[in-house]
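S.K.: The following block contains a protein sequence and its predicted model.
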Amino acid sequence: MIGLALGAMMAAGVMVALAVSALAWFVLRGLIFLVTLPFRLLFAVIALPLLLLKIVLMAVAAVVLITLLAAGGLLIALGVVVGVLIPLLPILLVVGLTFAIVRLMRRPATI
C-alpha cells in the first residue's frame, strides 16, 4: 500500500515538474521573441525594397522570356512551313511552266 502511494506521489511530482518546465519554456520563448522583435522589424524594413526589386526584376524577366518564346515559336512555325513547301517546289515549277505554255497558246494570233 505504501508503495502504491509512493508511486502515485512520484508520478504527481513528475507531472508537476513537467508542467513547471513547460511554463518556463513558454516564458523563455516569449522573452526571446520580445528581445528579437526589434531586429526582426528592422530586417523586414531593410528587406522590403529588396523584395520589391525582386518582383520588378522577375516581371521584366518574364516579359523578356515570353517575348523570346513567342519569337522562337514563330521561327519554328516558319521552319515547318518552309520544310513542307520546299519539296513541293518542283511540282510548283512544272505547274507554273504548264500554265505559262497554255496561256501563250490561248493568245489570239496577231498579224
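M.R.: Looks like it came in fine. Numbering: from 1, shown residues only.
S.K.: drop to CA atoms for contacts and neighbour counts, all remaining ones
M.R.: Noted.
S.K.: Tell me where this protein has strands.
M.R.: Per DSSP state E, the chain carries no strands over any range.
S.K.: Need the single longest helix in it, by residues.
M.R.: Longest helix of the chain, by residue count under DSSP state H: helix 2-85.
S.K.: Low-confidence regions, the chain specifically.
M.R.: Applying pLDDT under 70 to the chain flags residues 109, 111.
S.K.: how does it look with 80?
M.R.: 1-4, 107-111 (pLDDT under 80).
S.K.: what's the neighbour count on residue 44?
M.R.: 13 (other C-alpha atoms under 10 Å).
S.K.: So it versus residue 35, what's the distance?
M.R.: Counting by C-alpha to C-alpha, to the nearest Å, the gap between residue 44 and residue 35 amounts to 16 Å.
S.K.: Tell me the spacing between residue 93 and residue 106.
M.R.: Taking C-alpha to C-alpha, one finds residue 93 at 20 Å from residue 106.
S.K.: what does residue 12 give?
M.R.: Counting by C-alpha to C-alpha, the gap from residue 12 to residue 106 is 118 Å.
S.K.: These two: who's more crowded?
M.R.: Counted by other C-alpha under 10 Å, residue 12 and residue 106 do not tie: residue 12 has more neighbours, with 12 against 8.
S.K.: What distance do you get for that one to residue 49?
M.R.: Residue 12 is 55 Å from residue 49, by C-alpha to C-alpha.
S.K.: Could you do residue 89 as well?
M.R.: Distance from residue 89 to residue 49, by C-alpha to C-alpha: 60 Å.
S.K.: same deal with residue 83?
M.R.: 50 Å.
S.K.: cool, and residue 102?
M.R.: 75 Å.
S.K.: what does residue 6 give?
M.R.: According to C-alpha to C-alpha, residue 6 stands 63 Å off from residue 49.
S.K.: How about residue 14?
M.R.: Counting by C-alpha to C-alpha, the gap from residue 14 to residue 49 is 51 Å.
S.K.: Check residue 94 too.
M.R.: Residue 94 is 68 Å from residue 49, by C-alpha to C-alpha.
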